[in-house]
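Chemist: starting from these lines, generate the structure:
(chains A and B)
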2 protein chains.
Amino acid sequence: MDELRNKILESAEVLPGGVLKVDSFLNHQIDVKLVDKMAKEWYERFKEEKITKILTIESAGIALSTMVATYFGVPVVYAKKSRNASFGNDYYSTHVISYTHGQAYDVYISKKVLDKNDRVLLVDDFLANGSAMKILIHLAEASGAKVAGAAVAIEKSYLGGGKDIRSIGYRLESLVKIKELGHGKIIFED
Amino acid sequence: MDELRNKILESAEVLPGGVLKVDSFLNHQIDVKLVDKMAKEWYERFKEEKITKILTIESAGIALSTMVATYFGVPVVYAKKSRNASFGNDYYSTHVISYTHGQAYDVYISKKVLDKNDRVLLVDDFLANGSAMKILIHLAEASGAKVAGAAVAIEKSYLGGGKDIRSIGYRLESLVKIKELGHGKIIFED
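Modeler: Predicted structure coming up:
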């Protein structure tokens, strides 16, 4: 997607450790006009999929998911990193290690908000080694919901997470794919 | 705002300790159609204020802020609860104690995303004792930005936080105000 690629080239920074900093338009500060175009693009790609819910993990995916959900006319569910006392025992949970921050945490989804009648579109800002996306797949399927697809803004394709997810049969649509990142250099696929 | 009040009466739960659980439509699961109406209402109330940024704290305020920002045509900035390594020393920070969860945490805003030329609208889901909103005011003003107003979905007016904030001169617009909460009972003002 050209607008996102151009914005990355114009405004993102490459930090040591292969971190692509997009704080000025996607995390921390959100360019809502850009996010709206991204959401519309995903809607065009997945509109035949009878999506009933958009599923993401707090916090970075929430703004993207909210805009996507307005196109589909369905609710957003975001997996929480702290278990709300009010969940009681009625939740699905799993353990995640963040690629970017190296921190381990658990994520939770209440059993009340997803079930076997749902067809979910998973949304996230980055796909690196794919661990966060695999967690979303796991949580969605634990509820009995069908994963209709996964929508990612920026795939770091050199890390192989996207290849993994496609190889096990999921439809993953990334708006840009980065094949090389480092020393101030960002090289996109095609 | 009638739609929000009706949704609370229909779907919210009152938990021990004065917690109003809105996980089914405002946190965790987000009713995007309702949030769109809320955003439009705030836009009507603040549209003359020359807003340049919407400011909130992750995570609960992000969906609301994203929809509000689409009406104003401006970016969202969300204060982060973990400091991104990439902020370096260029951030404003302050300490918060969550009313709902009792946890203490620090929040951060990069100096690159707010400055003295900004007129910000602060957005949050709940206003209880007002500590989170006062933090947003503090962070915005530390940057030199002007606080043009504060938009809250649900004000627990019996806790006095809203009164405090109005008494020090800020314009605070809450979509519903709750004057009594407990034992399964939710009583709104008016």
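
Chemist: in a helix, that's where A:Leu122 is, yeah?
Modeler: No: read with DSSP: H, G, I helix; E, B strand; the rest coil, A:Leu122 is strand and lies in no helix.

Chemist: pretty sure it is touching A:Ala150, no?
Modeler: Yes: using CB atoms under 8 Å, A:Leu122 and A:Ala150 qualify as a contacting pair, with a distance of 4.3 Å. Where you see a C-beta, it was placed from the backbone N, CA and C, and this is true even at glycine.

Chemist: next structured bit after the lowest-mean-pLDDT helix or strand in chain A?
Modeler: One helix or strand of chain A scores below all others by mean pLDDT, DSSP states H and E: strand A:91-97, with a mean of 83. Moving toward the C-terminus from strand A:91-97, the next helix or strand (DSSP states H and E) is strand A:104-110.

Chemist: going by neighbour count, list what's buried in that following strand.
Modeler: Using 16 or more other CB atoms under 10 Å in any protein chain shown as the burial criterion, the residues of strand A:104-110 that qualify are A:Val107, A:Tyr108, A:Ile109, A:Ser110.

Chemist: so what pairs up with the third one in the strands?
Modeler: According to DSSP bridges, A:Tyr92 are recorded as the beta-bridge partners of A:Ile109.

Chemist: for it, give me the pLDDT.
Modeler: On pLDDT, A:Ile109 comes in at 94.

Chemist: surely it meets A:Leu139?
Modeler: Yes: between A:Ile109 and A:Leu139 there is a contact at 5.0 Å, judged by CB under 8 Å.

Chemist: which residues do these two both contact?
Modeler: A:Leu55, A:Ala79, A:Tyr92, A:Ser93 (CB atoms under 8 Å, 6 or more residues apart in numbering or on different chains).

Chemist: need the buried ones from the residues you listed selected in ChimeraX.
Modeler: Entered in ChimeraX, the line below selects the buried ones among the shared contacts of A:Ile109 and A:Leu139, by 16+ other CB under 10 Å:
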select /A:55,79,92
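
Chemist: of the shared contacts of A:Ile109 and A:Leu139, closest to chain B?
Modeler: A:Ala79 (8.5 Å; CB to the nearest CB).

Chemist: now the phi/psi pair for the closest one, please.
Modeler: phi -60, psi 140 (degrees, to the nearest 10).

Chemist: okay, now the sheet partners of the strand or helix carrying A:Ala150, with direction.
Modeler: Secondary structure from DSSP H and E places A:Ala150 in strand A:146-156. Paired neighbours of strand A:146-156 in the sheet (DSSP bridges): strand A:119-127 (parallel), strand A:172-182 (parallel).

Chemist: tell me which residue lies nearest the centroid of chain A.
Modeler: Computing the C-alpha centroid of chain A and ranking residues by CA atoms, centre = their mean puts A:Asp124 first, at 1.1 Å.

Chemist: give me the beta-bridge partners of that residue?
Modeler: A:Val152.

Chemist: find me the pLDDT at it, would you?
Modeler: 97.

Chemist: I'd say it and A:Glu58 touch.
Modeler: No: judged on CB under 8 Å, A:Asp124 makes no contact with A:Glu58 at a distance of 11.0 Å.

Chemist: which one of the buried residues of strand A:104-110 is nearest chain B?
Modeler: A:Ser110 (6.2 Å).

Chemist: who's in contact with A:Tyr158?
Modeler: By CB under 8 Å, 6+ apart, the contact set of A:Tyr158 is A:Ile178, A:Lys179, A:Glu180, A:Leu181.

Chemist: can you list contacts of the top helix by length along chain A?
Modeler: Using DSSP state H to define each element, chain A has its longest helix at helix A:32-46. For helix A:32-46, contacts defined as CB under 8 Å, 6+ apart pick out A:1, A:3-4, A:7, A:25-26, A:63-64, A:67-68, A:70-72, A:121, A:123, A:148-149, A:151, A:153, A:173, A:175, B:66, B:69-70, B:73-76.

Chemist: apply 6 Å and report the result again.
Modeler: A:1, A:3, A:7, A:63-64, A:67-68, A:71, A:121, A:149, A:151, A:173, A:175, B:69-70 (CB atoms under 6 Å, 6 or more residues apart in numbering or on different chains).

Chemist: drop anything exposed from these.
Modeler: A:Lys7, A:Ala63, A:Leu64, A:Met67, A:Val68, A:Tyr71, A:Leu121, A:Gly149, A:Ala151, A:Leu175, B:Ala69, B:Thr70.
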